[in-house]
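Chemist: After the sequence you'll find the predicted model.
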Amino acid sequence: MGIAFFVFFLGCGLAMSRRLFAEHSPWVRAWAGLAGGLLGLIWLPAVTALLTGFTSRCQWIAAGMMGVFTLLTLRFASAPVRMPTADRPSRAETGMVALFTLLICLLLYTHVIYPNADGGLSVGQSTYGDLALHLGIVTSIAEQGEFPPDYSIFPGHRLNYPFLVNSLSASLHLLGTPLRWAVLLPSFVMAFCVVAGFTSLAREILQNRSAVLWAQVLFFLNGGFGFAYFLEGASKNPENFFRIFTGFYQTPTNLVEENIRWSNVICDMLVPQRTTLAGWCFLMLCLWLLYAGLTRRRRKYFVAAGIGAGLMPMIHTHSFLGLGIISAIWLPVYLVQQTRRTVRPYLQDWMLYGAIAVGLAAPQLFAWTFQQADEGGFLKFHFDWANHDDIWPWFWVKNVGLVFLLLPAALWAANRGMLSLYSGAVGIFVLAELVLFQPNEYDNNKLFYVWYLLSCILVGGFLHDLHGRLEGLRGRWIASALILFVASFSAILSIGREAVSDYQLFDRHQVLAAEFIRLHTPKDALFITADNHNNAVAALAGRNILVGTPIYLFFHGIGYETRWSELERMYGDPAAFSELSAKYKVDYVYFSSYERDRFKRDGSDFEQRYPRVFASGDIGIYAVSPRAIAARAEPSRLSSIRR
């Protein structure tokens, strides 16, 4: 039923796109339609849930709304005469889109709680850290039904982190789709939308299919000169090179000890960061719509871009911010290029775009985003991003590589139209170099990648033109191949490392414990556990825990110290447990090797005082509150999480 629900929304998106963008190729209509279907699937259940709670009924009301919107579009939207367009991709472009989409999907398939032979759930190197947070948001929304949701790892505090991509998966999970596939299915579609969206945007800007190929490789196989650190002395010590494939984050695009911070977009942005994957899906669409509106001079593109931009903050705030910076710069840059006759309609288009975007975004910003920023003191002046050891601009040269080196030449050779376009990228780079937008300085890369996106299109067009000008020169193909090899070698090595990485995130006993909790405890039950990030109670069972890992809470601006100190007392001081457990209304104590190591206790105090309702391996769960004791049941052998 969850899969049927998913397909229905995508089908509606495709039907509306076929009417709204009839003058474009089937390729563009399919890409824009899938993105539109995802946007409806993200937002309509969320809006409905504000009134009804996040329930099955809420999902079907949202599906009905999507159906009505589709019928109204087909009935009233004008259908322009279809005209031949230049946005139909070449076979080479299509092949590259298929290659990069398949690569991302294969990594997702092996990196999202992949069932292993021991009965546990495995992930890859890049998803070992963040995936548990996203799983916890998915399961807590689906299981508890509260909307807007709180942090399940810090109940009582509103979830201000952009959570809507996870509420999408929660919709599928609530309707019966197993957790793994509730995460994977929309991720597969979003991966295609990101790759196809970048390709369509590059084609719209460059108007040259061969130039698009250069841009595709530069963006998706991004990486600088980090490979040099692994080739150094490799002939005498091969282990220096092969540690790429065995070490944890010892790759040419992520080597902190050598000040290499420019991560590959596939390995470290699209695969592990679900909000970035979703954000870029709609960022590519909005940039394409906005640029098409500027060049084709049709108002419908500005209207669609305004809707997409306005719905973006709680999907991915950084993408919304990046789009906003570009819009603020493009408005005056393109204004001075207008004639007296075109100034008025130009300003009207921008006012309409801005009014729609601000009108839709403002409630999200005030209800969630600004509250998180105020709590965390996020905005700070900070020059030179994450560079701690190198001279500027050497840091950027070794991290970004050939794209950064070729930028001056590409800008020198660019025409007025390309310089106008790139002005937005310059604004993003300057702002991200001077201001931190969150406690973790590394997260400014989510803005820098928007600069890099446009930089790859600029440099890709320059390299294509340069290759054409060298026609007749012997060795030009070898030179072009060498440029692409140097530009992508670090990325190829990093992707190879990601492909072979395999780490167990949850063992068999954690999976069984989570299934028991999901089936036999109240949906709003509160557990006390250790602060390990791979917390099965929160991530797999969707239940609340008193306080989760600081790895997540600190960077979301949440002050957890008081609650953590009282958690330590509950585990370490039996005399204080009764008072504190009553204060927080604790229902269950979860005790495993993590709690044993973290609090230096053997659990005998709980064993003697409270009934144990579950035991498997080193895990014991003890019922504390009267309702928890009343809900005692035998452990279940089902394991739908692993399907």
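Modeler: Thanks, I have it.
Chemist: Give me the below-cutoff pLDDT ranges for the stretch 301-450 of the chain.
Modeler: By pLDDT under 70, the weakly predicted segments of the stretch 301-450 of the chain are 372-379.
Chemist: Strands of that one, start to end?
Modeler: Using DSSP state E, counting those that start in this stretch, the strands found in the stretch 301-450 of the chain span residues 380-381, 435-436.
Chemist: swap in the chain?
Modeler: Ranges of strands in the chain, per DSSP state E, are 114-115, 121-123, 150-151, 154-158, 380-381, 435-436, 503-506, 526-528, 544-545, 588-591, 612-616, 619-623.
Chemist: Of these, which is nearest Phe230?
Modeler: Across those, Phe230 has its closest neighbour in strand 503-506 (21.3 Å, CB to CB). Using the backbone N, CA and C atoms, a C-beta is placed for each residue, glycine as well.
Chemist: Which elements pack onto that closest one?
Modeler: Judged by 3 or more CB pairs under 8 Å, 6 or more residues apart in numbering; DSSP states H and E, strand 503-506 is in contact with strand 121-123, helix 127-144.
Chemist: wait, Asn387 sits on Asn259?
Modeler: Yes: contact status for Asn387 versus Asn259: in contact at 6.6 Å, counting by CB atoms under 8 Å.
Chemist: Give me the helix or strand of the protein that scores worst on average pLDDT.
Modeler: Least confident helix or strand, the chain: helix 370-376 with a mean of 64, by mean pLDDT, DSSP states H and E.
Chemist: what about Pro626, distance to Thr94?
Modeler: 63 Å (CB to CB, to the nearest Å).
Chemist: try Gly472
Modeler: 30 Å.
Chemist: neighbour-wise, which of the two wins?
Modeler: Thr94 (14 against 6; other CB atoms under 10 Å).
Chemist: What about the nearest residue to Ile307 once chain neighbours are set aside, how many residues nearby?
Modeler: Using CB to CB, 6 or more residues apart in numbering and skipping the chain neighbours, the partner closest in space to Ile307 is Ile356 (6.0 Å). By other CB under 10 Å, the residues close to Ile356 number 20.
Chemist: do the same with the one 4 residues further on
Modeler: A count of nearby residues for Leu360, using other CB under 10 Å, gives 18.
Chemist: Who are the contact partners of it?
Modeler: Leu360 sits next to Gly306, Ile307, Ala309, Gly310, Leu311 when contact means CB atoms under 8 Å, 6 or more residues apart in numbering.
Chemist: again with Gly136
Modeler: Gly136 touches Ser152, Ile153, Asn535, Ala538, Ala539, Gly542, Gly548, counting by CB under 8 Å, 6+ apart.
Chemist: Hmm, the second one is touching Ile551, no?
Modeler: No: distance between Ile153 and Ile551: 10.3 Å, which falls outside the contact criterion (CB under 8 Å).
Chemist: Those two: which has the busier surroundings?
Modeler: Using other CB under 10 Å as the criterion, Ile153 and Ile551 rank with Ile153 on top: 30 against 14.
Chemist: re the thing from before, and of the strands of the chain, who's closest to Leu335?
Modeler: Nearest to Leu335, of the strands of the chain and by CB to CB, is strand 435-436 at 25.5 Å.
Chemist: Tell me which other helices or strands that closest one touches.
Modeler: Strand 435-436 packs on strand 380-381, going by 3+ CB pairs under 8 Å, 6+ apart.
Chemist: I'd like the distance between Arg75 and Phe69.
Modeler: For Arg75, the distance to Phe69 - CB to CB - is 11 Å.
Chemist: same question, Glu568
Modeler: 52 Å.
Chemist: Ok, Ala63 next?
Modeler: 11 Å.
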